[in-house]
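1. This is a predicted model, with the sequence first.
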Amino acid sequence: MDFEALTKLPADARIKGLFAYFEDRRAHEAAGASSQPNVWEVFRYDEAMAVLSDHETFSSDKTALIPEDQKRLAQAARGNFIGVDPPLHTRMRSLVNKAFTPGVITRLEPRIRVLSDNLLDTVLGEAGPGDEVRFDLAQDFASQLSAAVIAELFGIPEADHKVFWTWSDGLIGSRPFGELGTVDEAAMRRIGELLTEASDYLMAHIADRRTDPRDDLTSTLARVEVEGRRLADDEIFGVIAMFLIAGHMSTSLMVGNTVTCLLEHPEALAEVRADPGLLPPAIEEVLRWRPALVRDQRVATVDTVLGGTEIPAGGNVCVWLASANRDERVFSDGARFDIHRDPNPHRAFGKGIHFCLGAPLARLESRIAVEGVLSRTRDITVVDGTVLHPSVGLIGPVQLPVTCRVADR
């Protein structure tokens, strides 16, 4: 089965087919031409790392693909250093790194626990120990928690968390760069509309924090300075938009994937319940075995050769992270889910200068969220109605109805 045929399958069948596709292609080549025009796919770990580590040969800059009429999308791109190369990337990331420190993450932990507990209070309602409850673990919990954490990070008042979640949830289903080398202009328009709606609010919020700074990331971004350079308002807006689009989506899916992977592997679930200290390595194995972000994409800047395959300048390069994470040359029995895997050098968060800035926050949030679910419920069962993300580039539930019984506290 080629890639184009995979895109036409229902999501659940597509995911199974996708990993079979990876295994077959990976067995025969490190990288190769795609069935999609002007696209080359990368399947093995070493070659994937080579692409992600070489920004000069493989560019991340896709700003030229943004339509002329999408002003808000272009505005958001100014602060989105995921999609730019040095020297702009170096300047932007150094400014944001100065604000987004380990201390910022540490200070958020107690608040994330409160937010998680409050959401679980809501979904469990008045039910007592042993009572059965049904709720949507993705929509009612993971998605709302992820959006609330980002809102807290940037100092959005709690009264506005719901509207912030509405923007985030609208963006979670978007895929502006299509499936591989294409641009989905309809998706770009939807993102532009959502960002336009969010822009007036967020620009006012940024202006307020410049005149009345608080203890939040927006205020810190407004005052950080490197070599006499500060971030402009629209660059700060772009940073917030980047977290809205990338941070909310991936972390929400990551929580759903962790719960479903544990449910699919009852022995692992029993081990984690008996020893919560196993949850962090279990999350790392979920990131390897079923990463929310399946691929990363680059554009070749020159004619080059990768794993024996010639790639022309201008060629779209699709790095299949989910394939690299199961490469048998690096991961023994890579298709097996093993929460005791050590070492586990997966690349779910990328590599090189574009390694995910929010990885520590995503790990912390996922751990707290899953800890909360496992400590407050038992006998979790996924019921009919699961909806997986529609993009081939993402894996995870956007709707995950479950039943469970309330645990003793």
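-> Received, thanks.
2. show me where the stretch 201-350 of the chain has strands.
-> 295-300, 304-306, 309-311, 316-320 (DSSP state E, counting those that start in this stretch).
3. what residue is smack in the middle of this protein?
-> Ser250 (2.2 Å; CA atoms, centre = their mean).
4. looking at it, that one is touching Ala362, isn't it?
-> Yes - at 6.5 Å, Ser250 counts as touching Ala362 under the criterion of CB atoms under 8 Å. Placement of C-beta: from N, CA and C, glycine included.
5. Next, show the common contact partners of those two.
-> When contacts are counted by CB atoms under 8 Å, 6 or more residues apart in numbering, Ser250 and Ala362 are jointly contacted by Cys356.
6. Can you get me a residue count around the residue nearest to Asp327 when sequence neighbours are not counted?
-> Using CB to CB, 6 or more residues apart in numbering and skipping residues adjacent in sequence, the residue nearest Asp327 is Tyr45, 4.0 Å away. Counted with other CB atoms under 10 Å, the neighbours of Tyr45 add up to 24.
7. Tell me the buried residues in the helix or strand where Arg190 lies?
-> Mapping Arg190 onto the secondary structure by DSSP states H and E places it in helix 185-211. Buried residues in helix 185-211, counted by 16 or more other CB atoms under 10 Å: 187-192, 194-195, 198-199, 202-203, 205-206, 209.
8. Who are the packing partners of it?
-> Contacts defined by 3 or more CB pairs under 8 Å, 6 or more residues apart in numbering; DSSP states H and E place helix 185-211 against helix 71-79, helix 161-172, helix 217-223, helix 233-242.
9. and the direction of that helix versus that of helix 161-172, what angle?
-> 150 degrees (axes from the mean of the first three to the mean of the last three CA atoms, to 10 degrees).
10. rank the helices and strands packed on helix 185-211 by pLDDT, which is bottom?
-> Least confidently modelled of the helices and strands packed on helix 185-211 is helix 71-79, at a mean of 51 by mean pLDDT.
11. Okay, angle between whichever helix or strand comes after that helix and helix 233-242 too, please.
-> Next helix or strand after helix 71-79 toward the C-terminus (DSSP H and E): helix 88-99. Angle, helix 88-99 to helix 233-242, by the same axes, to 10 degrees: 80 degrees.
12. CA atoms only for helix 88-99 - export them in CSV, please.
-> Included here for helix 88-99 are C-alpha records, laid out as CSV according to Å, rounded to 0.1, in the frame of the first residue of the first chain:
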residue,chain,number,x,y,z
LEU,A,88,16.1,34.6,12.8
HIS,A,89,15.5,31.3,14.7
THR,A,90,18.5,31.8,16.8
ARG,A,91,17.4,35.4,17.8
MET,A,92,13.8,34.4,18.5
ARG,A,93,14.6,31.2,20.4
SER,A,94,17.3,33.0,22.6
LEU,A,95,14.7,35.6,23.6
VAL,A,96,12.0,33.0,24.4
ASN,A,97,14.4,30.7,26.1
LYS,A,98,15.4,33.6,28.5
ALA,A,99,11.7,33.8,29.5
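13. re the thing from before, hey, which of the strands of the stretch 201-350 of the chain is tucked in deepest?
-> strand 316-320 (a mean of 24; mean count of other CB atoms under 10 Å).
14. which other helices and strands contact it?
-> Partner elements for strand 316-320 (3+ CB pairs under 8 Å, 6+ apart): strand 39-42, helix 45-53, strand 295-300.
15. can I get the ones you listed in a markdown table with distance to Pro213 and mean pLDDT?
-> Shown next, in a markdown table, are those (distance: least, CB to CB, whole Å; pLDDT from 0 to 100):
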| stretch | distance to Pro213 | mean pLDDT |
| --- | --- | --- |
| strand 39-42 | 44 | 95 |
| helix 45-53 | 36 | 97 |
| strand 295-300 | 35 | 92 |
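16. Dump the ones you listed into TSV; add distance to Ile156 as well.
-> Supplementary listing: the helices and strands packed on strand 316-320 in TSV, determined by distance: least, CB to CB, whole Å:
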stretch	distance to Ile156
strand 39-42	38
helix 45-53	32
strand 295-300	29
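17. Please name whichever of those is nearest to Ala222.
-> For Ala222, the closest of the helices and strands packed on strand 316-320 is strand 295-300, at 30.2 Å, according to CB to CB.
18. need the contact list for Val286.
-> 254, 257-258, 261.
19. So it versus Cys261, what's the distance?
-> 5 Å (CB to CB, to the nearest Å).
20. With Val239 instead?
-> Taken as CB to CB, the span from Val239 to Cys261 is 31 Å.
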